[in-house]
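[1] compute the structure for the input listed below.
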Amino acid sequence: MTKRIFVAATQQNDGKTTISLGLIAALLKRFDRIGFIKPIGQRYLMEQGYKVDEDSVLIERVFGIKCNIKDMSPVAIDRGFTERYIEKGADEDYAKVIKDSFDKVAKDKDLVIIEGTGHAGVGSVFGFSNATVASLLEANVVMISSGGVGKPIDEVMLNKALLDKEKVDLAGVIVNKVLPEKYDRIANLVRKGMKQKDLDVFGVLPHEKILDIPTMREIKEELKIKAMYEGEDLDKQAEKVLIGAMRVRDALQYIQNNSLMIIPGDRDDMIQATCEVHSGKLKKGCAISGVILSDGILPRIKTLSLLKSANIPVLVTDEETYAIASRVHSLVVKLKPQDSHKIKIIVDMVEKYVDIDNILKHSK
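    Residues are numbered from 1 along each chain as shown. Below is the predicted model:
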């Protein structure tokens, strides 16, 4: 039987995709043929005419895995799916769909990484929680949790209860996104705490801030904001978000390199100052990542011309300044195939901090 590892998490955005990607990179040094499947996906793209989870597309493009993309993402949960299921029931045999796709993905493979969706209970509403799917595919689970000491232990045990109910073995735990300044203390405590629960800890990973910093392209696409000018680099990261609503001389002390400026469209003085900071006239070494013009107001023609010539990415929204700033701050950054620098960081981290051989020992 093809070896398989089910990567689950205690909640959304704990780092399943990050860990899955790192695991595949590490496992490709040990095996020639690795497969990947995300049986149930909630964020999908249209790929080759199919609704395909974006994580499956990411893995396929990064590693060049040769498999029908639809089999890597057999069930896509689109808008209205849950309501339709509750009202009318299943429109197909999901168990058969998932099992058939897995068998095709696993054919001639040494090992398959199975990525779950959210916590162990996600999907229960239509009878296919992560725990149920892991049982269906006869896979042991590696559980990802993030940060802290008590929180990951509590959440892992809560998820384990559902895995136990479905007779699925929890192989072990990876604790992700631990604050670097607390790493040694937390790594030591969480290993002791999990051991008291008879659970192996396969790894503890520090939080890498760069992985959570969005690019201007991500801000544009995820928040659905129109681009007025794409500038010289729409893939530049916005490391600091500033609201340009104060006096220019006060704002200058806060502007740093790679800042995103959110400015009401009628603040021509602030927009001009931003362009001059970017060019080095007002402040040295402070390239601006981008500008969002808010409140549905456009500046004067002369100011627009200045923005265009500065070659800064400029987005435009009707939203009020503080509303769009809040949305930018709460944006969850998703890994994209073109994020080669981030991908290298992830691969190096997993290789360094995760005990791959111990995971393999506990896999089916």
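[2] which intervals of the stretch 251-364 of the chain have sub-threshold pLDDT?
    The stretch 251-364 of the chain contains no residues with pLDDT under 70.
[3] how about the helices in it?
    268-279, 301-310, 321-329, 340-353, 356-362 (DSSP state H, counting those that start in this stretch).
[4] need these in JSON lines with mean neighbour count and distance to N257, can you?
    Glycine gets a C-beta too; all of them are placed from N, C-alpha and C. Output for these, formatted as JSON lines (neighbours: other CB atoms under 10 Å; distance: least, CB to CB, whole Å):
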{"stretch": "helix 268-279", "mean neighbour count": "21", "distance to N257": "10"}
{"stretch": "helix 301-310", "mean neighbour count": "15", "distance to N257": "15"}
{"stretch": "helix 321-329", "mean neighbour count": "16", "distance to N257": "18"}
{"stretch": "helix 340-353", "mean neighbour count": "16", "distance to N257": "17"}
{"stretch": "helix 356-362", "mean neighbour count": "15", "distance to N257": "37"}
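[5] any idea which of those helices gets closest to S146?
    Closest to S146 of the helices of the stretch 251-364 of the chain, according to CB to CB: helix 340-353, at 13.8 Å.
[6] thinking again about what came up before, to E239, which of the helices of the stretch 251-364 of the chain lies closest?
    helix 321-329 (12.1 Å).
[7] what packs against the closest one?
    Applying 3 or more CB pairs under 8 Å, 6 or more residues apart in numbering; DSSP states H and E, we find helix 321-329 packed against strand 240-243, strand 259-264, strand 288-294.
[8] so which of those strands is the most packed in?
    Highest mean neighbour count among the helices and strands packed on helix 321-329 (mean count of other CB atoms under 10 Å): strand 288-294, with a mean of 27.
[9] how does the chain divide into domains?
    3-211+335-362, 214-329 (automatic domain parsing).
[10] go ahead and confirm I37 touches D71.
    Yes: the pair I37 and D71 passes the contact test of CB atoms under 8 Å, sitting 7.0 Å apart.
[11] hey, what's in contact with both of those two?
    101-102, 105 (CB atoms under 8 Å, 6 or more residues apart in numbering).
[12] looking at those, spot the one nearest V168.
    Using CB to CB, F102 comes nearest to V168 of these, at 15.1 Å.
[13] check that closest one and give its pLDDT.
    Per-residue pLDDT puts F102 at 96.
[14] same question for the one 4 residues further on.
    In this prediction, A106 carries a pLDDT score of 95.
[15] gap between the closest residue to it other than its chain neighbours and T17?
    Computed as CB to CB, 6 or more residues apart in numbering, the closest residue to A106 that is not its neighbour in sequence is T2, at 4.2 Å. Between T2 and T17 the computed distance is 21 Å (CB to CB, to the nearest Å).
[16] show me which of those two is the more surrounded one.
    T17 (23 against 16; other CB atoms under 10 Å).
[17] pretty sure the more buried one sits against V57.
    No: contact criterion CB under 8 Å: T17 and V57 do not qualify, at 11.1 Å.
[18] neighbours of V168, how many?
    Count around V168 with other CB under 10 Å applied: 25.
[19] okay, the residue nearest to S129 when sequence neighbours are not counted: pLDDT?
    Nearest residue to S129 in three dimensions, chain neighbours excluded: G123, at 4.6 Å (CB to CB, 6+ apart). If you check G123, the pLDDT there is 89.
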